[in-house]
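Student: Next comes the sequence, and after it the predicted model I'd like to discuss.
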Amino acid sequence: MTDSPADRFTRRDLLVRAGAGVTGLAALAGRSTPAAADTDAHGHFRGTLHVLGIGIDQLDPIRRRAEKDLGFELAFESIAADAAVERAITEPASFDVLSFYHFAYDVIWPSGGLQPVDTRRVTRWPQVSDLFKWGKLRPGDWRCTYGQGDAPFRCMYVDGSGRYPVSPDVLPAAKTIVQWIDERTGKPYRGLPEPSYVDGVPTYFNVDAIGYNRRILKRPPEDVSWGELFNPSWRGRVALIGVPEIGLQDAANAAEALGLMRFGDKGNMTRPEIDGLVKILIRLKKRGHFRGFWFDPDTATAFMHSGEVVVESMWTFSVIDLQEKRFPVAYAAPPEGYRGWSGALSISSAIKDPARLEAAYDYINWWHDGYPGAVMMRGGYYSAVQATSRTFVEPAEWAYWIEGKPAAKNLPGPFGDVTIRSGQVRDGGSLARRARKFASWNSYFKEHAYQAQRWYEFRAA
C-alpha cells in the first residue's frame, strides 16, 4: 500500500510554502483568477462561485439545490486534503470559498489566503451549535467534555485587538486565532463579548471511533473501549488509518484507555510522548498485531467485510456501507469519548468584487437553511445549525439520526438509495448522547514533522 499525499506533506512544508503571508499574496498578482463578477440589472451576482474542498459536502444534490435557490452557478472542485491546504495558502485567487476542516486553520491562516468572516453577516449565527462556540453541546453540563486537540472553539475565532487569549493549541504564527471560552470556568474570558469574526463558518461535524465485528466482539457499543485496538485477542486482525494526523491519535486514545501512557494533550503531543507511543506501536507491530493500514474508507470497508479485521479505525460512512450490506458491524461509543472533527466554509482573501463577496456569504448562509443539513444527515453527519434540516426530512429520519430511536421504516441515504433498514438503531444513540463526550479532536501537532517521521518509522518497522 502506498503513502497518501497527506502522508507526505508536513506542517513545516505548508508554512514554508506560505512564505511571508502578504508577500506570498502579492506574488499571486499574475496568476489566473476567477472571472470578475457577473451581475444582473439589479446588481445581483449571476456568475459562477468556485468552491474548493475535499468532497465530503460537495455532492450533486447539494450543488443542484443551491444553484436553484441562490440563482447563480457553483463550480465544486474536490482535491486531496494536503493539496487543498496548499492551494488555500499559495493560490487564494484560484477559488472563492474553501470548504475544509477546522483543525487545519492554524496552518492556513498565517498565510493571509483567507479573509475574516463577519458573523454579523451570517444570518443564523445565533443558531450555530454551542459546540462550536462554547466547546460543549450543552454548556455547563458536567457530563459534556471539551476533548483535547483542535476543537473548533479553540481554532475558529479571529481577533487582532489583543483582548482575547491566543488559543494554546494553534501554531504560534496563527497569533490572531483566539479562544473566547475559558475552559477552567466554562465562561467567556474576563466576561468579554463573543468575537465578531471567524476564520470559517461552521457547517457540519461528526464523531469518530472504531468499528468492530459484533459477531466476534460481542459487546454493546458503549462497552467497547479505544483499548480494543491493542487487545492481544485480535492480534493480526486490527487495522489503523494510515495518516499520522489521525492514526497516532487513535493509538494514543487506545494507550491511554489501557493505562499504558498518559498525555498532556493527545491533540498536540510532545516529542517524548510521541516516542513513547511509537515504541508501544512498534512492539505491537513486530508481534504481528496489525493487519494493515488504510488511506481511503473503501479499504477500511474491505478489511472488515472480508473478515480479515475484527477491530479498526473507521469512519461513519464505512459503517453505514457495511450495515447496508447486512454485515454485522457496530460502531463503538467508547467510554473514554469520541474523536471529533468539524468542517467550515471560508472566504478567499482574493475576492474584491462586492457582488462576488455577497455571493460567498449567500452560499454560507444557505448552508444553514436546512436542505444541505438534511443531505448530510442522511450520510451520518450533524449540522452546525441542525434544527432547520428537520423540515427537509421525514419524521422517521429525524427520529433515527438525531433522536437515536429505532428506524420506523427503511430510510434513504444522501442519494436516495436505502441505507438504513426498519428497526435499526444508530450505534451510540442520539446526537445529544453521541456528542456529549470527546476524548480528542482531529489536530495538527506543533511537532507535526516529527510526528510524521516517527509514524513512518513505525509503519516501516
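Tutor: Yep, that arrived.

Student: Can I get stretch 395-413 as CSV, trimmed to CA atoms?
Tutor: Provided in CSV are the C-alpha atoms of stretch 395-413 (Å, rounded to 0.1, in the frame of the first residue of the first chain):
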residue,chain,number,x,y,z
PRO,A,395,-40.1,12.3,11.0
ALA,A,396,-38.7,8.8,10.9
GLU,A,397,-35.4,10.2,9.6
TRP,A,398,-35.1,12.8,12.3
ALA,A,399,-36.1,10.2,15.0
TYR,A,400,-33.3,7.8,13.8
TRP,A,401,-30.4,10.2,13.1
ILE,A,402,-31.0,12.9,15.7
GLU,A,403,-33.1,11.3,18.5
GLY,A,404,-31.5,7.9,18.4
LYS,A,405,-34.8,6.0,18.0
PRO,A,406,-35.2,2.7,16.0
ALA,A,407,-35.9,3.4,12.3
ALA,A,408,-39.7,3.2,11.8
LYS,A,409,-39.2,2.2,8.2
ASN,A,410,-36.4,1.9,5.6
LEU,A,411,-34.5,5.2,5.3
PRO,A,412,-32.7,6.8,2.4
GLY,A,413,-29.1,7.9,2.1
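
Student: After the helix ranked longest in the chain, which helix or strand is next?
Tutor: Scanning the chain for the helix with the most residues, using DSSP state H, yields helix 271-286. As assigned by DSSP states H and E, the chain's next helix or strand after helix 271-286 is strand 290-294.

Student: who does that following strand pair up with?
Tutor: Strand pairing for strand 290-294, determined by DSSP bridges: strand 238-241 (parallel).

Student: just to revisit the earlier point, give me the distance from the longest helix of the chain to the chain's centre.
Tutor: Chain-centre distance of helix 271-286: 26 Å, with CA atoms, centre = their mean, to the nearest Å.

Student: Same question for stretch 143-158.
Tutor: Taking mean C-alpha positions (CA atoms, centre = their mean), stretch 143-158 and its chain are 12 Å apart.

Student: repeat for stretch 163-179
Tutor: 20 Å.

Student: For it, C-alpha coordinates in PDB please.
Tutor: Extracted in PDB, the C-alpha atoms of stretch 163-179 (Å, rounded to 0.1, in the frame of the first residue of the first chain):
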ATOM      1  CA  ARG A 163      -8.100  41.400  24.300                       C
ATOM      2  CA  TYR A 164      -8.600  37.700  23.800                       C
ATOM      3  CA  PRO A 165      -6.100  35.000  24.700                       C
ATOM      4  CA  VAL A 166      -4.400  33.300  21.800                       C
ATOM      5  CA  SER A 167      -5.600  29.700  21.500                       C
ATOM      6  CA  PRO A 168      -2.900  27.400  23.100                       C
ATOM      7  CA  ASP A 169      -3.500  24.600  20.500                       C
ATOM      8  CA  VAL A 170      -2.600  26.600  17.400                       C
ATOM      9  CA  LEU A 171       0.700  27.400  15.800                       C
ATOM     10  CA  PRO A 172       2.500  30.500  17.200                       C
ATOM     11  CA  ALA A 173       2.300  32.100  13.700                       C
ATOM     12  CA  ALA A 174      -1.500  32.000  13.900                       C
ATOM     13  CA  LYS A 175      -1.400  34.600  16.600                       C
ATOM     14  CA  THR A 176      -4.800  36.100  15.800                       C
ATOM     15  CA  ILE A 177      -6.700  32.900  16.300                       C
ATOM     16  CA  VAL A 178      -8.200  33.400  19.700                       C
ATOM     17  CA  GLN A 179     -10.200  31.400  22.200                       C
END
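
Student: Domain parsing of the protein, as residue ranges.
Tutor: Residue ranges for the domains of the chain, per automatic domain parsing: 5-204+340-376, 209-338+436-460.

Student: looking at those domains, which has the lowest confidence?
Tutor: Comparing mean pLDDT across the domains of the chain, the lowest value falls on domain 5-204+340-376: a mean of 87.

Student: And for residue 289, nearest residue in space, chain neighbours not counted?
Tutor: residue 235 (5.1 Å; CB to CB, 6 or more residues apart in numbering). Where you see a C-beta, it was placed from the backbone N, CA and C, and this is true even at glycine.

Student: Quick check, the one you found in contact with residue 285.
Tutor: No - between residue 235 and residue 285 there is no contact under CB atoms under 8 Å: 10.9 Å.

Student: Tell me, how many residues neighbour residue 335?
Tutor: Residue 335: 14 surrounding residues under other CB atoms under 10 Å.

Student: so how far is residue 222 from it?
Tutor: 7 Å (CB to CB, to the nearest Å).

Student: Enumerate every residue touching residue 336.
Tutor: Contacts here follow CB atoms under 8 Å, 6 or more residues apart in numbering; on that basis residue 336 touches 225, 226, 253, 256, 257, 437, 439.

Student: Could you tell me how far the first one is located from residue 433?
Tutor: To residue 433, residue 225 is 17 Å away according to CB to CB.

Student: More neighbours: which of the two?
Tutor: A side-by-side neighbour count of residue 225 and residue 433, using other CB under 10 Å, places residue 225 first with 20 against 16.
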